[in-house]
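[1] How does the following fold in three dimensions:
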Amino acid sequence: MNKVGDYKLSHGSSVILDLIRGLSAQLVVIGHGLSFFGIFTFLHEPNFPWMQNIAVLIFFLLSGFLISYSISRKISKQNYSFRHYFIDRFSRIYTAFIPALVFVLLLDSVSKQMDSGAYDYDSAFNLPSFLGNILMLQDYPIFKMLKGTIVTSFGSARTFWTLAIEWWIYLFVGYFVLYFLKDKNSKNLWNWLWLGFLSVVPMINLIIGRGNGLTTYWLMGATIYFIDRQNLLEEMSRWMKWLIVAVLGSVAMLRAYVGMDAYDAVFAFLLSIILWVVIDLYRTATIGDKQTKIIRFLASYSYTLYLIHYSILAFVEAHYADEHGGDPYLLFGASFLISNLVSMLIGYYTEVKLTPIIKLKLYKAYS
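    Next comes the predicted model:
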């Protein structure tokens with residue numbers, strides 16, 4: 001087993017993870033597009049689970065693996081603390097999230113101005129929801145117990161609910177590992193209370209919550225990281241690994257088809273094992289520079305695409321769908337292209353350019 005900090009993803013494994021992330025974001029757009037425009041019904045419920053839900057599950061598996069990898073790589077550095085971890089996560093999440101939130105605000109405002117009757121998200125288009133989303137309080141459990149004070153995903157950005165769950169998992173895991181465990185003097189009453197506060201969302205989402213246990217699936221991804229460090233598949237032949245992927249993939253699809261639940265725990269477990277084997281398969285794989293650039297580019301704006309595509313789809317459906325004479329297949333194609341093009345543009349300046357700048361400035365400010 002590799003020591004903490006010694007394990008490093010190979011170029012091939014890193015690129016294949018980017019490919020999975022990029023394609024998963026595209027699946028979310030496609031899945032929501034099929035729903036909005038009522039096309040290709042054989043690809044979604046009641047015939048098969050929604051592909052966007054499967055993609056969300058994959059995102060949480062990937063996140064568990066990659067965050068565990070990142071913490072383990074950096075924890076060997078004596079000066080890496082929860083403060084550094086918070087800056088890493090904050091710059092990654094918020095540098096793209098805030099512009100996306102403003103984009104949704106502007107697009108929804110235009111939509112309401114064009115035809116307020118066609119806008120379906122009035123109950124979430126308000127200042128409390130906007131501010132609540134900034135603080136990652138969408139669908140926060142305590143608010144659900146207070147009638148009339150529910151803060152949900154802002155406006156038409158229905159995908160923001162997953163971001164809040166992931167954010168609180170980040171904070172809880174980072175605080176627990178990098179502060180609570182690392183610092184022997186940290187176990188006082190105040191820090192127990194703070195840890196308890198950070199654990200509310202992750203604990204509720206262990207077995208229930210939207211997604212039926214997304215914290216558990218995140219932990220499955222983290223478990224795959226620790227298993228992969230042990231090189232258990234090192235002696236297995238490549239053809240046997242591909243056979244495992246094919247067999248488990250078939251069983252997973254059958255499970256999804258029969259259970260009609262993308263958030264099923266058994267389905268998630270099967271996908272996590274497939275992810276582990278695929279990472280190992282590409283450990284020694286050679287991926288050319290051209291293919292690498294394409295894959296990296298696809299992944300570079302995937303987060304922004306996930307954040308804003310729903311609002312674009314909702315806008316097109318509300319104002320140009322077939323009750324207004326629009327062809328659903330043409331609108332689906334146009335919406336898909338527009339979502340990608342707008343996300344490429346915004347993502348280039350936020351995810352690619354601005355994120356490292358914000359991260360560096362915060363490091364300097366709090367070092």
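
[2] isn't Ala318 right next to Lys112, touching?
    No: using CB atoms under 8 Å, Ala318 makes no contact with Lys112, being 9.8 Å away. From N, CA and C alone the C-beta is placed, and that goes for glycine too.

[3] neighbour count winner among these two?
    Ala318 (21 against 17; other CB atoms under 10 Å).

[4] Quick check: neighbours shared by Ala318 and Lys112?
    Tyr119 (CB atoms under 8 Å, 6 or more residues apart in numbering).

[5] Next up, identify which helix or strand Lys187 is on.
    Lys187 is part of no helix or strand, with elements assigned from DSSP states H and E.

[6] quick one, what contacts it?
    For Lys187, the contacting residues are Phe180, by CB under 8 Å, 6+ apart.

[7] List the contacts of the residue nearest to Ile39 when sequence neighbours are not counted.
    Leaving aside its sequence neighbours, Ile39 sits nearest to Pro328 (CB to CB, 6 or more residues apart in numbering; 5.2 Å). By CB under 8 Å, 6+ apart, the residues touching Pro328 are 37-39, 321-322.

[8] Which one (most neighbours) among the residues you listed?
    Phe37 (22 neighbours).

[9] Now the terminal residues of stretch 256-271, how far apart.
    Taking CA to CA, to the nearest Å, stretch 256-271 runs 11 Å from one end to the other.

[10] what about it, average pLDDT?
    What stretch 256-271 shows for mean pLDDT is 95.

[11] Check which residues of that stretch are buried.
    Within stretch 256-271, the residues that count as buried by 16 or more other CB atoms under 10 Å are 256, 262-264, 267-271.

[12] Where does the prediction get shaky in the stretch 201-350 of the chain?
    Low-confidence segments of the stretch 201-350 of the chain (pLDDT under 70): 322-325.

[13] quick one: the strands in it?
    Assigned by DSSP state E, counting those that start in this stretch, the stretch 201-350 of the chain shows no strands.

[14] count of neighbours near the spatially closest residue to Ala268 that is not a sequence neighbour?
    Nearest non-adjacent residue to Ala268, counting by CB to CB, 6+ apart: Tyr217, 4.7 Å away. Under the neighbour criterion other CB under 10 Å, Tyr217 is assigned a count of 28.

[15] doesn't Phe60 make contact with Tyr217?
    Yes: using CB under 8 Å, Tyr217 is in contact with Phe60, at 4.6 Å.

[16] what residues are shared contacts of these two?
    In contact with both Tyr217 and Phe60: Gly211, using CB under 8 Å, 6+ apart.

[17] quick one, what contacts Asp122?
    No contacts exist for Asp122 under CB under 8 Å, 6+ apart.

[18] same check, this time on Ile295
    15, 18-19, 22, 287 are the contacts of Ile295 under CB under 8 Å, 6+ apart.

[19] Same list, those, but as CSV with secondary structure and distance to Leu313 please.
    Shown next, in CSV, are the contacts of Ile295 (DSSP: H, G, I helix; E, B strand; the rest coil; distance: CB to CB, whole Å):
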residue, secondary structure, distance to Leu313
Val15, helix, 29
Asp18, helix, 24
Leu19, helix, 24
Gly22, helix, 19
Ile287, coil, 32
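
[20] Generate a PyMOL selection restricted to the buried subset of the residues you listed.
    Selecting the buried subset of the contacts of Ile295 in PyMOL, with 16+ other CB under 10 Å as the burial test, is done by:
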select buried, resi 15+18+19+22+287
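
[21] OK, contacts around the residue nearest in space to the middle of the chain?
    Residue closest to the mean C-alpha point of the chain, counted by CA atoms, centre = their mean, is Phe59 at 4.4 Å. Residues near Phe59 by CB under 8 Å, 6+ apart: 21, 24, 162, 166, 306.
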